[in-house]
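K.L.:
I'd like to go over a predicted model; first the sequence, then the structure.
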There are 4 protein chains.
Amino acid sequence: MQKSRASAESDTQRIEAFSDGVFAIAITLLILEIRVPQLNSTEGTTNTLSLASALFVLWPSYFAYIFSFVVIGIFWVNHHYVFQLYERSDQVFKLFNLLFLMCISFLPFPTAVVARCITDAQQLQTVVVLYALVLFLSVLTWLLIWLYASRNHRLLNRNLDGRFIAYLTRMYILTSVLYFLALVLSLWNGIAGLVLCVGLTLLYTLPPKKPVYRSGA
Amino acid sequence: MQKSRASAESDTQRIEAFSDGVFAIAITLLILEIRVPQLNSTEGTTNTLSLASALFVLWPSYFAYIFSFVVIGIFWVNHHYVFQLYERSDQVFKLFNLLFLMCISFLPFPTAVVARCITDAQQLQTVVVLYALVLFLSVLTWLLIWLYASRNHRLLNRNLDGRFIAYLTRMYILTSVLYFLALVLSLWNGIAGLVLCVGLTLLYTLPPKKPVYRSGA
Amino acid sequence: MQKSRASAESDTQRIEAFSDGVFAIAITLLILEIRVPQLNSTEGTTNTLSLASALFVLWPSYFAYIFSFVVIGIFWVNHHYVFQLYERSDQVFKLFNLLFLMCISFLPFPTAVVARCITDAQQLQTVVVLYALVLFLSVLTWLLIWLYASRNHRLLNRNLDGRFIAYLTRMYILTSVLYFLALVLSLWNGIAGLVLCVGLTLLYTLPPKKPVYRSGA
Amino acid sequence: MQKSRASAESDTQRIEAFSDGVFAIAITLLILEIRVPQLNSTEGTTNTLSLASALFVLWPSYFAYIFSFVVIGIFWVNHHYVFQLYERSDQVFKLFNLLFLMCISFLPFPTAVVARCITDAQQLQTVVVLYALVLFLSVLTWLLIWLYASRNHRLLNRNLDGRFIAYLTRMYILTSVLYFLALVLSLWNGIAGLVLCVGLTLLYTLPPKKPVYRSGA
């Protein structure tokens, strides 16, 4: 009995460690999307820009880097938070977590698209729709994991308070709805969608509520 | 006595942690193969495609990303599963595990080939043969590890049921045979080989059987 | 009570593990900035350089690689050192640590700029200013974490000696001031700024002082 | 007393975990050096090669990938082995280990040079000299760590047998001498140096001797 319990615990720990690896790599790969400006005369192109102005022109890359770093960082903080509530795991849980990680490790791509195309007024909207779509899929798979794991305390600590679980469920559904609104908004107006995405991300830097356990536990 | 046992245990744990690292990196590197479409007018090329259509044209990259992510993810889940059965390690085991990881971390390459060439009808078959070959080598090295480790309970928990070991041996041989068939099929018809590869991958999302220990253990 | 304490401890451990991941990836990604010289005749460019001389010409890349490797390595050693003092964590601490990691994982970019542009006398100063700026932001966010965590022993071991905390505070403020001077110096003279940056880095290879705990603890 | 001991132990464990991260990333990054052949007609180049022959032409990339994977893998196995002997750490040890990791994570560069230039008979020797040099620096820094850590049992388990330590010292010095010979040989004849490098690597797949502890320990 104890054996299987210990193995179940190490189970969520190994999932957590693997997820941490993916988070850490995805967040660090973002820097590869900032390309060094080509100024070398040996490259055959005559470029009259100075390096300083070439570095300033890269500001969309810096913005995209910082924004995506914060986004992935906050997802990591919350993943960390919610995994203290999961005590067991099963195959479906692992696959849902993989789906979620698939969205997270996809983020360097829309980040690169933002970096290259956001200054092009004609393409701005497409850029924002792409980014908002990936964010929406991330929070949607997150919700999926939670709904699956929390149903009848399936994978949660059995002493976790029912009202607290209901509270988290409401919060995660609300998050999905808000990012869906950001996606819809960006289909109507790129700038507005971008502002909402940035605003929501800043909002989620707020600390999550402490878990509540049933008294007598 | 206890010392050497503890060190043996930490031994498989460090192999597991290292393997997890390779899995996490290989799965996250996949995104680097999706290249941002070049639309910048400063690049000197006149490209009349809008960003939106350029992003749609990248669908083979998204397909390759999702497929390889699922493939590596499932290998990770099963590696996780089978390593709870390994209790000791030795040099041969470590080298076989390295061979297996060599196949896993090779996967971003055939993934990139799929992404670039799968829409070219003339090249489709070559693409699928390459991918099926790497998948076959992955399951073959997997089988090699298992046969070596399970022979006379060499590296397994001594209480693991003999019939359960025989069951896993049959399953892993069957897997190798199935992926070999996928490889042969792709040599005959690219599309058919591709369908079998995708089908097998979906099949392996099913949960593996729980380990059976001898009663009285 | 014990539960929440254990969870707080695993909390700083998971932050440490995640940070280690980011350090390890950032330090290993540096190599990707050294590009293989293009000598293939199939590439269409006639290049009369031999491979040996082409490899010698890459010396700024080797210098940048070694310097940034040492910089990130020393930050890792010190992060390791200071995290043995942190016993608890909270949301603000996690966000500050993310800000710091954002600077560390940004380092491959100025490294690549150094590698490509440092031999260009006209660009040398810009290159050094960029690198010094990122170093300064790194030590500044480091100081921020420390000031937040050490205030009234907020996240520190309660037995840590007050004078020792004051000593570290002085050291970290001094570090920020020194790197700020390096930044200002590089705005005035590139070479001088570079020499100061390298000198400071070598200085920080010295071992940090052992933590002092209150007697009777 | 116990506290400082526990912290010293976790010290070598964190160095080990960080090193594992660098090993895992360096070994997985190798795949990025294999570039997908450009066959897309949209790229503007008319290339009459079929994909299959283009994939065959990449054989130096596969060779370089497999060889470097085995090299880094064997270094990892041996790092793993020798770190079970280290019980304490200090600043010098950490810096020496960083120097060693600097060599390991440099390996993707000579690997890429091998992949691109080894088929060019004129450049073969330069390629092998570069690779042999990096291998030699790796085993030299390895020896440095060992000599520093083993001197008067500085960082080793105090019960480790003196003759066993002397045996390892002889082995590691011999290794450095052998790789130095490979370097010198490659300066005289590229092919001969290459054969020796490959031979040595295969030799080091042999399992290391079990550590011997003093009786009565």
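P.N.:
Right, received. Where do you want to start? Bear in mind that the values here come from a model prediction, so they are computed numbers and not experimental data.

K.L.:
Mind checking the pLDDT average for the host helix or strand of A:Phe164?
P.N.:
For A:Phe164, the element it lies in under DSSP states H and E is helix A:162-188. Averaged over helix A:162-188, pLDDT sits at 94.

K.L.:
Next, the contact list for the residue of chain A at minimum distance from chain D, please.
P.N.:
Minimum separation of chain A from chain D (CB to the nearest CB) falls at A:Ile25, amounting to 8.0 Å. Every residue, glycine included, has its C-beta placed from N, CA and C. Counting by CB atoms under 8 Å, 6 or more residues apart in numbering or on different chains, A:Ile25 touches A:105, B:24-25, B:28-29, C:21, C:25.

K.L.:
before we move on, what SS does it have?
P.N.:
Secondary structure, DSSP: H, G, I helix; E, B strand; the rest coil: A:Ile25 is helix.

K.L.:
roughly how far apart are it and C:Thr28?
P.N.:
A:Ile25 sits 10 Å away from C:Thr28, going by CB to CB, to the nearest Å.

K.L.:
Next: A:Asn97.
P.N.:
Counting by CB to CB, the gap from A:Asn97 to C:Thr28 is 25 Å.

K.L.:
same question, A:Asp161
P.N.:
For A:Asp161, the distance to C:Thr28 - CB to CB - is 44 Å.

K.L.:
Between these two, tell me which one has more neighbours.
P.N.:
Counted by other CB atoms under 10 Å in any protein chain shown, A:Asp161 and C:Thr28 do not tie: C:Thr28 has more neighbours, with 28 against 15.

K.L.:
Next up, phi/psi of that one, please.
P.N.:
Phi and psi for C:Thr28, reported as degrees, to the nearest 10, are phi -80, psi -30.

K.L.:
Give me the nearest residue to it, chain neighbours excluded.
P.N.:
D:Ile25 (4.0 Å; CB to CB, 6 or more residues apart in numbering or on different chains).

K.L.:
what's the answer for A:Ile165, then?
P.N.:
A:Ser150 (5.2 Å).

K.L.:
burial of the one you found, as a residue count?
P.N.:
The number of residues near A:Ser150, taken as other CB under 10 Å, comes to 21.

K.L.:
ok, now which ones touch it?
P.N.:
Counting by CB under 8 Å, 6+ apart, A:Ser150 has contacts A:156, A:165, A:168-169.

K.L.:
Pipe the residues you listed into CSV and attach neighbour count per row.
P.N.:
Formatted as CSV, the contacts of A:Ser150 follow (neighbours: other CB atoms under 10 Å in any protein chain shown):
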residue, neighbour count
A:Leu156, 21
A:Ile165, 19
A:Leu168, 20
A:Thr169, 15
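
K.L.:
Identify, from those, the entry nearest to chain B.
P.N.:
Using CB to the nearest CB, the contacts of A:Ser150 come closest to chain B at A:Leu156, 19.7 Å.

K.L.:
doesn't A:Glu87 make contact with that closest one?
P.N.:
Yes: here A:Leu156 reaches A:Glu87: they are 6.5 Å apart, a contact under CB atoms under 8 Å.

K.L.:
measure the residue nearest to A:Ile165 to A:His80 for me?
P.N.:
17 Å.

K.L.:
Flag every residue of chain A that's near chain B.
P.N.:
A:7, A:11, A:14, A:17-18, A:21-22, A:25-26, A:29, A:32, A:90-91, A:94-95, A:98, A:101-102, A:105-106, A:108-109, A:112-113, A:115-117, A:120, A:122-123, A:126-127, A:130 (CB under 8 Å from any CB of the partner chain).

K.L.:
Would you mind checking the residues you listed for buried ones?
P.N.:
Among the residues of chain A next to chain B, those classed as buried by 16 or more other CB atoms under 10 Å in any protein chain shown are A:11, A:14, A:17-18, A:21-22, A:25-26, A:29, A:32, A:94-95, A:98, A:101-102, A:105-106, A:108-109, A:112-113, A:115-117, A:123, A:126-127, A:130.

K.L.:
Now do A:Leu140: how many residues are near it, please.
P.N.:
Neighbours around A:Leu140, by other CB under 10 Å: 17.

K.L.:
Nearest spatial neighbour of it, chain-adjacent residues omitted?
P.N.:
Using CB to CB, 6+ apart, the nearest residue to A:Leu140 is A:Ser176, at 5.4 Å.

K.L.:
before we move on, back to that, I'd like to know which elements the helix holding A:Phe164 is packed against.
P.N.:
helix A:124-150, helix A:190-203 (3 or more CB pairs under 8 Å, 6 or more residues apart in numbering or on different chains; DSSP states H and E).

K.L.:
how big is the angle separating the first one from helix A:190-203?
P.N.:
I take that to be helix A:124-150. Interaxial angle of helix A:124-150 relative to helix A:190-203 (axes from the mean of the first three to the mean of the last three CA atoms, to 10 degrees): 40 degrees.

K.L.:
Buried residues in helix A:124-150, which are they?
P.N.:
Across helix A:124-150, burial judged by 16+ other CB under 10 Å covers A:124-146, A:148-150.

K.L.:
repeat for stretch A:195-205
P.N.:
Neighbour-count burial for stretch A:195-205 [16+ other CB under 10 Å]: A:196-197, A:200-201, A:204.

K.L.:
do stretch A:201-217 as well
P.N.:
So, applying 16+ other CB under 10 Å, buried residues of stretch A:201-217: A:201, A:204, A:211.

K.L.:
For that stretch, list the C-alpha coordinates in PDB.
P.N.:
Output of stretch A:201-217 as PDB, limited to C-alpha atoms (Å, rounded to 0.1, in the frame of the first residue of the first chain):
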ATOM      1  CA  THR A 201      -0.800  39.000 -18.100                       C
ATOM      2  CA  LEU A 202       0.000  41.800 -15.600                       C
ATOM      3  CA  LEU A 203      -3.200  40.800 -13.700                       C
ATOM      4  CA  TYR A 204      -2.000  37.300 -13.300                       C
ATOM      5  CA  THR A 205       1.200  38.400 -11.600                       C
ATOM      6  CA  LEU A 206      -1.000  38.800  -8.500                       C
ATOM      7  CA  PRO A 207      -0.500  36.000  -6.000                       C
ATOM      8  CA  PRO A 208      -3.000  33.100  -6.100                       C
ATOM      9  CA  LYS A 209      -5.100  32.300  -3.000                       C
ATOM     10  CA  LYS A 210      -3.700  30.000  -0.400                       C
ATOM     11  CA  PRO A 211      -5.100  26.500  -0.600                       C
ATOM     12  CA  VAL A 212      -7.800  25.700   2.100                       C
ATOM     13  CA  TYR A 213      -7.800  22.300   3.700                       C
ATOM     14  CA  ARG A 214     -10.800  20.900   5.600                       C
ATOM     15  CA  SER A 215     -10.400  21.400   9.400                       C
ATOM     16  CA  GLY A 216      -9.600  18.200  11.200                       C
ATOM     17  CA  ALA A 217      -7.300  17.100   8.400                       C
END
